[in-house]
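> using only what follows, build the 3D model:
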Amino acid sequence: MFAARISSLAALAVLLVSQHGLAQREAAPLEVIPAYIRRADVNTLAAEIATKSDNGNLTPYKRADDVNTLAAEIATKSDNGNLQPYKRADDVNTLAAEIATKSDNGNLTPYKRADVNTIAAEIATKSDNGNLQPYKRADDVNTLAAEIATKSDNGNLTPYKRADRADDVNTLAAEIATKSDNGNLQPYKRADDVNTLAAEIATKSDNGNLTPYKRADVNTIAAEIATKSDNGNLTPY
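Numbering: from 1, shown residues only. Below is the predicted model of the structure:
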């Protein structure tokens, strides 16, 4: 135990001496850590200025002497690299926009129709040998009122009268079903097998008579119980 205390005191003494030595040492300068150095040709020009690189140096880009200094609405052409206004030849259309034009040997002139329609727009027209004339319908023009049915007899419009149907006209109320017996309309009555059973009752026809339809193997087992059929009899599955 005494030896352990001596070892602890010796270690403490070594620690104190080493801290004293560090305190006496002068602080050495820190080493410079190499960092990323930006290149000298960084683009410092405004974003809206076009640039080019001359030997690694960014400089503004200026267009040559053929820069378009003409107004945007002026058409231009390039003669040997020089921009000049573009002028159309002497056949420019100086006529009003609403005038139809044609080109005679490169000269624009008004286009005039020979058979211009001078008849009012609401009058039907036809062309006789290139001449526009009013179109008149023949004598069978429909002069009858619009609600009168018409037929054409030899090109003449006459009222259309139904044949002597007096007896077969449907004079029965719209909700009554009808049938035609020899051209005579009569009420249609269903036979004696009319379904008088309630709508929710299933029915079948026995020799034309409607009777309730009963299933033989009706499922009387609760809905949550699975079933199977043994010889037509439902049993739990």
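
> how close does residue 175 sit to residue 195?
19 Å (C-beta to C-beta, to the nearest Å). Glycine gets a C-beta too; all of them are placed from N, C-alpha and C.

> so for the two, which residue has more residues nearby?
residue 195 (11 against 5; other C-beta atoms under 10 Å).

> now do the SS call for the residue nearest to the more buried one when sequence neighbours are not counted.
Excluding the flanking residues, the one nearest residue 195 by C-beta to C-beta, 6 or more residues apart in numbering is residue 210, at 5.2 Å. Following DSSP: H, G, I helix; E, B strand; the rest coil, we place residue 210 in the strand state.

> just give me the neighbour total for the residue lying closest to residue 95 once chain neighbours are set aside.
Distances taken as C-beta to C-beta, 6+ apart put residue 101 closest to residue 95, at 5.6 Å, once the chain neighbours are dropped. Residues contacting residue 101 under the criterion other C-beta under 10 Å number 15.

> go ahead and confirm residue 101 touches residue 112.
No: using C-beta atoms under 8 Å, residue 101 makes no contact with residue 112, being 10.5 Å away.

> shaky segments in the protein?
1-42, 63-67, 88-92, 113-116, 137-141, 162-170, 190-194, 215-218 (pLDDT under 70).

> please parse it into its domains.
72-137, 164-189, 203-236 (automatic domain parsing).

> dump these into JSON lines; add distance to residue 55 as well.
Supplementary listing: the domains of the chain in JSON lines, determined by distance: least, C-beta to C-beta, whole Å:
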{"stretch": "domain 72-137", "distance to residue 55": "27"}
{"stretch": "domain 164-189", "distance to residue 55": "101"}
{"stretch": "domain 203-236", "distance to residue 55": "91"}
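
> tell me which of those domains sits nearest to residue 149.
Across these, residue 149 has its closest neighbour in domain 164-189 (13.8 Å, C-beta to C-beta).

> which residues are in contact with the residue nearest to residue 95?
93, 95, 108, 109, 110, 111 (C-beta atoms under 8 Å, 6 or more residues apart in numbering).

> okay if I get the residues you listed as CSV plus distance to residue 223, secondary structure and neighbour count?
Below are the contacts of residue 101 laid out as CSV (distance: C-beta to C-beta, whole Å; DSSP: H, G, I helix; E, B strand; the rest coil; neighbours: other C-beta atoms under 10 Å):
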residue, distance to residue 223, secondary structure, neighbour count
93, 88, coil, 11
95, 90, coil, 13
108, 91, strand, 16
109, 94, strand, 13
110, 91, strand, 10
111, 88, coil, 12
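
> between those, which is nearest residue 136?
When the contacts of residue 101 are compared against residue 136 (criterion: C-beta to C-beta), the nearest one is residue 111, at 30.8 Å.

> picking that back up, of the domains of the chain, which is nearest residue 154?
domain 72-137 (16.1 Å).

> which of the contacts of residue 101 sit farthest apart?
93 and 111 (11.8 Å).

> my read: residue 86 touches residue 78, true?
No: counting by C-beta under 8 Å, residue 86 does not reach residue 78; the two are 9.5 Å apart.

> would you confirm that residue 225 contacts residue 236?
Yes: with contact defined as C-beta under 8 Å, residue 225 reaches residue 236; the gap is 5.4 Å.

> which residues of this protein fall in helices?
2-24 (DSSP state H).

> returning to what we had before: from residue 234, how far out is the residue nearest to residue 195?
27 Å.

> what do you get for residue 124?
81 Å.

> between those two, who's got more neighbours?
residue 234 (15 against 9).
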